[in-house]
Every structure is written in structure tokens, then in C-alpha cells.
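Visitor: Quick one: sequence plus predicted model below, questions after.
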Amino acid sequence: MRVKFIICFLSIILFSNCKEETKVDPVKANYLDFSKRDDQLTGGIKMIPITTPKGKFKVWTKTIGNNPTIKVLLLHGGPGLTHELYECFDGYFPNESIEYIYYDQLGSYYSDQPKDNSLWTNERFVEEVEQVRIALGLDNSNFYILGQSWGGILAMEYALKYQKNLKGLIISNMMASAPDYNKYAKAVLAPQMDPKILKELQDIEAKNDFENPKYSELLFKHYYTQHILRMPLEEWPESINRCFKHINPSVYVYMQGPSEFGITGNATLKNWDIKSRLKTITVPTLSIGSKYDTMDPEHMKWIANEVQNGRFLFCPNGSHLSQYDDPKHYFPGIIKFLKDVDNGTFKKG
């Protein structure tokens, strides 16, 4: 009798364990299932038609994964750079079953590249993002935007007009004021440089000799490796080198100026400032600042407090591309934000 009882007891335990093992997270199970998608043949790539005041064009997108409640549209920097800035996300988001969408804005390498400067306005880019959202079937039950640098400007501008379509907003490494950004670059970061190097850069700028190869050489070696990506140039990831290789200088210089050493000259973003409007943003917002960034981390913290439902993420080892030089803080912070908003436990702070 005792033997029968033990056998019966063990059977119940084994059966119970089997039942637990058969429990499968449906999102995780279907994350890489393309069978019900209309982009299966292209592996997630879509060339999305957009309408502009200067005609119709196509922009490139690529969707990674399936998640019905978390879909993150990635807005790259520049302007005129590419989605390649975000390729390291492949090492982090899939493991968390987060759906994300690579996207090259109009004028960037994988999209159409019209040669008409009247297209390069914040307002026109905002309408482009809205057309992309509609084409991809995103809405406020699942739609997050993550914008870094210029992509952060675009993300903020989009939220100011279309936040009703958003579930969450991530502003990565972009202040809400170009004049404040310039002030930080000149008053705080520039004095940290070797005075001789700084003098060389200032002499070149004074002559408007931005085509001089010495200018970019000095910036990359002495400024970018400190404040854009804190690695020796020879160790920069291939995706970053490819991204810089694919830059559209016409768009970049027209809107940003010749470099990341502030927004200079006649660049159209030079006077951009939306600080006074941030308080109208109500959607859950994550603002990301990094210790060594070209953007003042204190300003990024201020953004998180200025919007109505903000949270601040600080990357103590990061610079402008903190997804590469401080991934241990960058990705856990973003993933926690997305999951908190998704499961209804988000708290500002």
C-alpha cells in the first residue's frame, strides 16, 4: 500500500511538472513567425510610399519580430544618417520579445534621396513619420517612438503634434534646445580639449574651411572619441563606420552644419527650441542622458521632469551613442520602461 502511495504521489508531481513545462508565452513563441505577415518574402522590409509637397517618394523600413503591444519605431540621427546606428539593438530587443522597426528617413541611404532642400524641415519629417505609422498599422495600443540625437528632435516634434497616436516616447541623447546644446558644446565641452587642438579647430571654423580634411580628422580623433562614441577609432563597430560612410552630407550640413561640434553656420536647426512646449506632452516618456555626451545630462534630466509623465535614465559610462559605449545601463533602462508602460506599472521619476 505504501509503495502504491509513493508511486501515485510521484506520478502527480511528474504530471504537474509536465503541465508547467507546456506553458508557453505566446508572444515569445510567435516572435519570429512571419507566416501571417505581408512582408514575409522580404524578411520584414517594406518600401513605404509617402506624399510630400514635392511629390511622392519611398522610404525604407524593416520590422524585426512580432509583439502586438510593443512596437518601437527607431528614428535615427543626423539628419541624413541611417538606421545602421541602431543595429546593436539586435543583441538586446529580440531576447525580450520587443518588436522594433528600422527606418531610413527620406534623404537617407536606403530610402529615396531627392535633391530638394525645401523637403528638409521638421514639419515635413513629422508628416513623414505619421505616414509611416499609418502604413505599418501602428496605434496607441502598441506604438512607441525612440529617437536619438536628430531623431530625438523628430520624436519630440512628432509627440507635440500626434501624441494621441503614441503609447510611449523615448528621447535619447537630445536636448530640447539647439541654442542650449551649442552653449554646452562651447562652454563646457570645448574647454576640456587640448588647447592646441581646440585652436586648430577654431581657426578652421573661422575660415569656413570645413572641407579641409584636417577638420574632420581632428574632430574624430579628439572630440568624437570622447563625446560621440568612447572607443578608439579603430575599435568603432562596423555598423557605425558603415553608417558614417552612408551619410547624406547635403541633408546633414543643411540642417545640422558641418559637424557634431554644435549646430553652426546657417544650419536650419540652429535656433530650434521647444522647451516651453514640453509640459504639454502627457504620454509616458523616457529621457536618456549620458555623462560624456555632447548633450548636457542635466538638461536631459530636466526634460524628464518637465513632461507630465517622465522618467530619467542616466548612463554613467556613455556618450552620444550610449547604446554602444554603455549598453549595460542603456538597454536595461529602455527595456524596463517599455515593459512598465506595457503592463501598466509605469511610474514617473
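Guide: Yes, it's here. Numbering: from 1, shown residues only.
Visitor: what about stretch 78-92, average pLDDT?
Guide: Summarised as a single mean, pLDDT over stretch 78-92 is 98.
Visitor: hmm, I was thinking of stretch 300-314
Guide: Across stretch 300-314, pLDDT averages out at 98.
Visitor: Could you do stretch 206-215 as well?
Guide: Per-residue pLDDT over stretch 206-215 has a mean of 84.
Visitor: Kindly provide the distance from residue 320 to residue 328.
Guide: Using Cβ to Cβ, to the nearest Å, residue 320 is found at 17 Å from residue 328. C-beta coordinates here come from the backbone N, C-alpha and C atoms, glycine included.
Visitor: Please disregard the earlier target; I meant residue 189.
Guide: 24 Å.
Visitor: Residue 82 too?
Guide: Here residue 82 is placed at a distance of 25 Å from residue 328 (Cβ to Cβ).
Visitor: next one: residue 160
Guide: Going from residue 160 to residue 328 by Cβ to Cβ gives 32 Å.
Visitor: Looking at those two, which is more packed in?
Guide: Comparing residue 160 with residue 328 by other Cβ atoms under 10 Å, the one with more neighbours is residue 160, at 14 against 11.
Visitor: Doesn't that one belong to a helix?
Guide: Yes. With DSSP: H, G, I helix; E, B strand; the rest coil as the criterion, residue 160 is assigned to a helix.
Visitor: Can you give me every residue that contacts it?
Guide: 274, 277, 280-281 (Cβ atoms under 8 Å, 6 or more residues apart in numbering).
Visitor: The same query, at a cut-off of 10 Å, please.
Guide: When contacts are counted by Cβ atoms under 10 Å, 6 or more residues apart in numbering, residue 160 is found next to 126, 274, 277-278, 280-281.
Visitor: So for it, what pLDDT did the model give?
Guide: We have a pLDDT of 98 for residue 160.
Visitor: next one: residue 203
Guide: As predicted, residue 203 sits at a pLDDT of 87.
Visitor: could you measure it against residue 303, distance?
Guide: As judged by Cβ to Cβ, residue 203 and residue 303 stand 35 Å apart.
Visitor: So for the two, which sits in the more crowded spot?
Guide: Using other Cβ under 10 Å, the more surrounded residue of residue 203 and residue 303 is residue 303, with 24 against 13.
Visitor: The more buried one falls within a strand, correct?
Guide: No. Read with three-state DSSP, residue 303 is helix and lies in no strand.
Visitor: from here on, count from 54
Guide: Shifting the count to begin at 54 puts that one at residue 356.
Visitor: nearest residue to it other than its sequence neighbours?
Guide: Closest residue in space to residue 356, ignoring its immediate chain neighbours: residue 340 at 4.3 Å, by Cβ to Cβ, 6 or more residues apart in numbering.
Visitor: Could you give the number of residues near the one you found?
Guide: By other Cβ under 10 Å, 30 other residues sit near residue 340.
Visitor: Next, give phi and psi for it.
Guide: phi -110, psi 130 (degrees, to the nearest 10).
Visitor: what ranges of the protein fall below the confidence cut-off?
Guide: 54-75 (pLDDT under 70).
Visitor: Which neighbours in the sheet does the strand ranked longest in it have, and how are they oriented?
Guide: Counting by DSSP state E, the longest strand found in the chain is strand 108-117. Strand 108-117 has its sheet partners listed here by DSSP bridges as strand 98-105 (antiparallel), strand 152-157 (antiparallel).
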